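Enquirer: missing the sequence, but the structure's below:
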């Protein structure tokens, strides 16, 4: 048996020598129904972000002239019973002169059938090609807002779909930066041990006992005001990663420490493999599954952090669109009282965070059936 | 034991040094020094600042010194004179502002921690002992929801519900009548009647995590051979669980302060901004927005230092509970 | 045979439903523990030795539970009781556990609580069963530590398991098990985790205490040397069944079951007639999992003497081959006759 073979069999815990660790992980993962569902939800969310311009009924900045309109849904139960395709009723808005509140009344006489691939706002797909087709919509004259509209009459649903581009990608970008930092520092720390390990460990401890929100707030607030949206986006991502790498470094270090003592590493060393080859060829593949699980579990905290910062107005600010930016409008109690649907973007945050948590849990269980949620 | 505490205190020193450096960086980060922004603000109000005043201020704060000298001056002022600098926004010494707000933050955070503990421990144990029961699933789902909902969302929902259905304005820690009243039993009762809302909101996220940790640890301990030994002695099942696995699972529970407390402080800061509590959050927020850098830096410094002290206390508590740490 | 059994096990079965089918770690154990004797129970790992030990105290790990058979405890202190019929967590069973039937475990480091002093863990026994106060329990615990020859017993009372060496930990464990003066001691691999020299000390201690206190001991081990040194009778287990039972001398002299023969021949012996260069024989394969249901003899797939059409068809039963020496192997006419009688009633279904 060669060393290669020895390495692969000793990591495949159940002893099917032909299966790679990642494949084994996938088999175990499929048994986790909640995690598999979560995976599909996440895939769906990212597809939504990519095809936002086709899925969103409106351009996120289009002002429909119907501010604070409550959510309105197409119905299949029109006045004369079941109706296909579903219709949208017209609405008229009046200003209540006593309370100065806008009142929307449904006008059932005007009906607009919901259609697929309707023409609407002209949209460009990442600057590659443009189209005015939207998945669903109604003919001009009518409109429906699945999540209502904001103070400027913009469709919250469309804004949520567009906002997912930043909210969902910031987690990925941030985790990528964290991962690079975490693998390098954790790997060095775990592989070489000794004084380096001690220093890195102390550093991780110090960062982890810092209350992260005040730190993030302070750093984010210090970003220059004249930065463009893209610059702020990356600035925020880097700030979030400055704290986020510690968890990943811990996982990597822990795996390195335990694997360093494994027989197949010793065998590789005796066979004259270089340190770099041992790390790259034997160590990294054997805990890739753990890294995938940990990465998945750190994405939601990134998303939450960005949402919190943007909500406070010290992360991303309009015209940038993220779920946190959308929630800014819900900060005011009085606004909230008349238009509670402005909280709906928060629902997307919750769904996304939960889906990533379930997915990460499933992946971790699959990566290591004995791994526990416990303190090291 | 004393040696352990002493060693642990020594470990704190590098931590504190790094915290102070980070805080100092935060003070220095915004472009231009604070005096420049102060002068700009004065001039925007139409007052004229003569060059002599500027120069004397520059001298007093050592703004022309190299950064390293400035750092030591800043640190020295804090350590020797308790002088954290001056808030130009509030025209007050930073130390005074901090003293007003920090204790409140820590009270709310500690109350949230105690709330999270007292809820999470029994539920965690119960979920572990009755693994895969209906109640276990219920609490697991509840725990995940707690993890997924951002603190400030919960606060907003609270605001909306109490405003909409109860016509109450939650927010603040005191009724207007007691806002400036001297401390007394009635003021404390008034405080308690307001405190539970932020405590529940901040505590929820921590509770969810703690339930999962407790459940996993108790489950882990339940499989250990010493549980079987205790069973072979004829112990009552309930006593057995409390005396052995729960007792041992308590250790990671205590050490969870280490990461729960920073989370509680973070949660406190953001929730207090939403609910407008008279704690650190709103003040830090406005200090950051108006580049009142000394105030912001001092807040970050003190929040981190107090967190480190909290973690230290949890470590000592843990050593006291676990002979393996105390005696090794 | 020998004296009256203090524990008499008949057709004891332990099992649990799992996702992959019925797990049956114990498949009908018959075992007698004669009063005041040491009985050995040997077998490879996974054969159900430890499960037998736990079943005797009714502490089978969940979801395993006793699914059939009887365990009659008759120690003269109370009317005979069937332990397998008692509620595992009930008052009656808990009053027996520890007080009348006690157990020591393999790994004293993990089997003792790491955060309680050994004194506390020993004293707990008498606090539970004799309702002694703290001070009396402490005095008793120190007495017990003295009895197991723990050096500096008084100081050791406050020691934690991690303060002690492996041998001392096992002494503490024995002191704990014997604190209430049980009539039966179940020792599950008590020396496996220890150094060879310490092993000998612990075995001597157990033998001394057994003689002094007149205890009945069930010694579970995979070490045939330990069995030869300390026991009068031996039972050999394979896949949840006893396959051979005899006096220790008989068993080592004339092992009947091919499995026992295999076990004995895989132990190196000084001065054996085997050529020096000849490799030590090993047995093929390992014990199948507790899920496996085999037609015929459970050992036939690994047996070098298996007869096709016989061993894989007829389920053998225990039968006395020589006086006081029973086996479960169809190669012996006594067993074959008894098995055919049995199998005409229940025809085992062949498994593909």
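Expert: Done, it's in. Owing to the predicted nature of the structure, the values given are computational and were not obtained by experimental measurement.
Enquirer: residues contacting residue C:101?
Expert: For residue C:101, the contacting residues are C:7, C:56, C:57, C:73, C:83, C:182, C:183, C:184, C:185, C:186, by C-beta atoms under 8 Å, 6 or more residues apart in numbering or on different chains. Yep, even glycine has a C-beta here, placed from its N, CA and C like the rest.
Enquirer: no no, residue C:245
Expert: With C-beta under 8 Å, 6+ apart, residue C:245 has these contacts: C:31, C:233, C:234, C:235, C:236, C:318, C:325, C:326, C:327.
Enquirer: in the contacts of residue C:101, which residue is surrounded by the most others?
Expert: residue C:186 (28 neighbours; other C-beta atoms under 10 Å in any protein chain shown).
Enquirer: quickly list what that residue is bridged to.
Expert: Beta-bridge pairing for residue C:186 (DSSP bridges): residue C:103, residue C:218.
Enquirer: what sits against it?
Expert: With the criterion set at C-beta under 8 Å, 6+ apart, residue C:186 makes contact with C:53, C:56, C:57, C:101, C:102, C:103, C:104, C:217, C:218, C:220.
Enquirer: could you name the helices and strands sitting against the helix or strand containing residue A:134?
Expert: Assessed by DSSP states H and E, residue A:134 sits inside strand A:129-138. If you count contacts as 3 or more C-beta pairs under 8 Å, 6 or more residues apart in numbering or on different chains; DSSP states H and E, strand A:129-138 packs onto helix A:52-55, strand A:101-125.
Enquirer: worst mean pLDDT among those?
Expert: Out of these, strand A:101-125 stands lowest, with a mean of 73 (criterion: mean pLDDT).
Enquirer: wait, residue A:255 sits on residue A:289?
Expert: No. With contact defined as C-beta atoms under 8 Å, residue A:255 does not reach residue A:289; the gap is 9.9 Å.
Enquirer: returning to that earlier point: from the contacts of residue C:101, which is closest to residue A:123?
Expert: Nearest to residue A:123 among those: residue C:57, at 73.2 Å, using C-beta to C-beta.
Enquirer: what strand or helix carries the residue nearest to the spatial centre of chain C?
Expert: Nearest to the mean C-alpha position of chain C, counting by C-alpha atoms, centre = their mean, stands residue C:220 at 3.6 Å. Taking DSSP H and E as the definition, one finds residue C:220 inside strand C:216-221.
Enquirer: so for the residue nearest to residue A:122 when sequence neighbours are not counted, what's the pLDDT?
Expert: Closest residue to residue A:122 apart from its sequence neighbours, by C-beta to C-beta, 6 or more residues apart in numbering or on different chains: residue A:132 at 4.7 Å. Listed pLDDT for residue A:132 reads 72.
Enquirer: the nearest residue to residue C:136 once chain neighbours are set aside: which element?
Expert: Take residue C:136 and drop its neighbours on the chain: the residue closest to it by C-beta to C-beta, 6+ apart is residue C:126, 7.5 Å away. Following DSSP H and E, one finds residue C:126 within helix C:118-129.
Enquirer: list the helices and strands the helix or strand just after that helix packs on?
Expert: Per DSSP H and E, helix C:118-129 leads on to helix C:134-147 as the next helix or strand towards the C-terminus. With contacts defined as 3+ C-beta pairs under 8 Å, 6+ apart, helix C:134-147 has these neighbours: helix C:118-129, helix C:153-156, helix C:166-178.
Enquirer: packing partners for the last one?
Expert: Put plainly, it is helix C:166-178. strand C:101-104, helix C:108-111, helix C:118-129, helix C:134-147, helix C:196-213.
Enquirer: residues in contact with that helix: which ones?
Expert: The contact list for helix C:166-178, computed with C-beta under 8 Å, 6+ apart, reads B:229, B:233, C:98, C:102-105, C:108-109, C:111-112, C:118, C:121-122, C:125, C:141, C:144-145, C:147-151, C:156, C:161, C:164, C:185, C:190-191, C:193-195, C:198, C:201-202, C:205-206, C:209, C:213, C:215.
Enquirer: residue contacts, residue A:122?
Expert: Applying C-beta under 8 Å, 6+ apart, the residues near residue A:122 are A:130, A:131, A:132.
Enquirer: please name the bridge partners of the second one.
Expert: Spelled out, it's residue A:131. With DSSP bridges as the criterion, residue A:131 is bridged to residue A:123.
Enquirer: quick one: it from residue C:107, how far?
Expert: Separation of residue A:131 from residue C:107 (C-beta to C-beta, to the nearest Å) stands at 70 Å.
Enquirer: and the last one, by the same measure?
Expert: Computed with C-beta to C-beta, the distance linking residue A:132 and residue C:107 is 73 Å.
Enquirer: what of the first one?
Expert: Taking C-beta to C-beta as the measure, residue A:130 and residue C:107 are separated by 71 Å.
Enquirer: tell me which of those two has more neighbours.
Expert: residue C:107 (18 against 10).
Enquirer: nearest spatial neighbour of the more buried one, chain-adjacent residues omitted?
Expert: Using C-beta to C-beta, 6+ apart, the nearest residue to residue C:107 is residue C:193, at 4.8 Å.
Enquirer: what sits against residue 297?
Expert: By default, I'm working from chain A. A:356, A:357, A:360, A:361, A:364.
Enquirer: chain C was what I was after
Expert: Contacts for residue C:297 (C-beta under 8 Å, 6+ apart) come out as C:303, C:306, C:311, C:312, C:314, C:315, C:316, C:328, C:329, C:330.
Enquirer: so what's the spatially most central residue of chain B up against?
Expert: Residue closest to the mean C-alpha point of chain B, counted by C-alpha atoms, centre = their mean, is residue B:265 at 2.2 Å. The neighbours of residue B:265, taking C-beta under 8 Å, 6+ apart as the test, are A:211, A:213, A:214, B:105, B:109, B:303, B:306, B:307.
Enquirer: again, 6 Å this time
Expert: Residues near residue B:265 by C-beta atoms under 6 Å, 6 or more residues apart in numbering or on different chains: A:211, B:109, B:303, B:307.
Enquirer: read off the pLDDT value for the spatially closest residue to the first one that is not a sequence neighbour.
Expert: Computed as C-beta to C-beta, 6+ apart, the closest residue to residue A:211 that is not its neighbour in sequence is residue B:265, at 3.8 Å. The predicted structure scores residue B:265 at 85 on the pLDDT scale.
Enquirer: distance check, residue B:265 against residue C:76.
Expert: 66 Å.
Enquirer: do the same with residue A:86
Expert: From residue A:86 to residue C:76 the distance is 85 Å (C-beta to C-beta).
Enquirer: and the helices and strands packed on helix C:134-147 as JSON lines, adding distance to residue B:93 and mean neighbour count?
Expert: As requested, those are arranged in JSON lines below (distance: least, C-beta to C-beta, whole Å; neighbours: other C-beta atoms under 10 Å in any protein chain shown):
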{"stretch": "helix C:118-129", "distance to residue B:93": "55", "mean neighbour count": "24"}
{"stretch": "helix C:153-156", "distance to residue B:93": "58", "mean neighbour count": "16"}
{"stretch": "helix C:166-178", "distance to residue B:93": "61", "mean neighbour count": "25"}
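Enquirer: mind putting the ones you listed in a markdown table, distance to residue A:236 and mean pLDDT included?
Expert: Shown next, in a markdown table, are the helices and strands packed on helix C:134-147 (distance: least, C-beta to C-beta, whole Å; pLDDT from 0 to 100):
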| stretch | distance to residue A:236 | mean pLDDT |
| --- | --- | --- |
| helix C:118-129 | 54 | 91 |
| helix C:153-156 | 60 | 89 |
| helix C:166-178 | 55 | 91 |
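Enquirer: may I ask which helix or strand encompasses residue 77?
Expert: No chain in the question, so chain A it is. strand A:75-78.
Enquirer: wrong chain, I was asking about chain B
Expert: Using DSSP H and E, residue B:77 falls in helix B:67-81.
Enquirer: the helix or strand that contains residue B:230: what's the following helix or strand?
Expert: Assessed by DSSP H and E, residue B:230 sits inside helix B:225-232. Using DSSP H and E, the helix or strand that follows helix B:225-232 towards the C-terminus is helix B:237-241.
Enquirer: may I see the buried residues of that following helix?
Expert: B:240, B:241 (16 or more other C-beta atoms under 10 Å in any protein chain shown).
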